[in-house]
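[1] how would this look folded up:
(2 chains)
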Amino acid sequence: MPEVPLAIALGWATLLLVAGGLVLLRSQDALTRVLALDVLVSIVVILMVILSYLRSESYYIDVALTLALLAFAATLAAARYLSRGSIF
Amino acid sequence: MAVVADIIGIALVAAGLTLATIALWGLLHMDRISTQLHAAGLISGPSVIAVLLAAPFTGEASIITSAVLVLIFVLISAPLASHAIAHAARRGVERVEPEVGRSDSDR
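    Predicted coordinates:
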C-alpha cells in the first residue's frame, strides 16, 4: 500500500489516542475508566496494525494481538472486581 | 489492478478511523455508562475490524495470517468485554437502588 496515506492514517490514529486520553481524564467513576482504557487499547491495536502495513512487517500485529489479549483479561478482571468485590 | 487494491485498502483504513473518530466524539459527549458502552463498542468492534480487513490488500501472507488471528480474537473478545462492563454497571445500579428504597420507606 502507498506510504503517504498510511502515514496520515498513523497521525490520525495518534490524535485519536490523545482524544481517548481525554476521555480517560474526564471519566467520573471507575467503570467509565475501565471503558476508556478498553477504548485506548483498541486504538493502540489500530495503530499497531497501520504501522504493520506501513513497514510491511507482521510482528507489529502479533504485538497488537498480545496487547488485546492482556487488555481483555484486565477488563474482565476489573469489571468482575467492581461488580462482586473480588475477582474469583 | 494493484492501484485498485491500494485504493480499497486505504478506503478501509479511512473508514475504520472515521468510525473511531465518531465513536470517540460520542464517548466524550455521552454521560451515562449504557450510552457510552454503545460508542465504545463501535471502536472495539467495527473500526478495528475495518482496519484489519485492509490486510489482504498489502499482499503479504504473514500480515494477512496475523490479521486473521487478531480478527477472530476481536470478534470473540469485544462482545464479551462489553457484556462484562454492562453486567458490572447493572449490578452497581441494583446495589444502589434497594438502599434508596429502604431509606424512603424508613421515613
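[2] so what secondary structure elements neighbour whichever helix or strand A:Arg80 is part of?
    Per DSSP states H and E, A:Arg80 falls inside helix A:59-84. Judged by 3 or more CB pairs under 8 Å, 6 or more residues apart in numbering or on different chains; DSSP states H and E, helix A:59-84 is in contact with helix A:30-55, helix B:61-106. In short, each C-beta sits where N, CA and C put it, glycine included.
[3] The most centrally placed residue in chain B: what's it in contact with?
    Centroid-nearest residue in chain B, with CA atoms, centre = their mean: B:Ser44, separated by 2.4 Å. Counting by CB atoms under 8 Å, 6 or more residues apart in numbering or on different chains, B:Ser44 touches A:38-39, A:42, B:74, B:78, B:81-82.
[4] can you put the residues you listed in TSV and add pLDDT, distance to B:Thr18 and neighbour count?
    Below are these laid out as TSV (pLDDT from 0 to 100; distance: CB to CB, whole Å; neighbours: other CB atoms under 10 Å in any protein chain shown):
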residue	pLDDT	distance to B:Thr18	neighbour count
A:Asp38	93	20	27
A:Val39	94	16	27
A:Ser42	95	15	29
B:Val74	94	18	22
B:Ala78	92	18	22
B:Ala81	93	23	27
B:Ser82	92	21	20
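[5] Can you pull out the low-pLDDT segments for chain A?
    Applying pLDDT under 70 to chain A flags no residue at all.
[6] what about B:Ala15, how many neighbours?
    16 (other CB atoms under 10 Å in any protein chain shown).
[7] before we move on, what about B:Arg32?
    10.
[8] Quick check on it: phi, psi?
    phi -100, psi 150 (degrees, to the nearest 10).
[9] what's the distance between it and A:Ile50?
    Using CB to CB, to the nearest Å, one gets 32 Å for the distance from B:Arg32 to A:Ile50.
[10] Having no further points to raise, I will conclude here.
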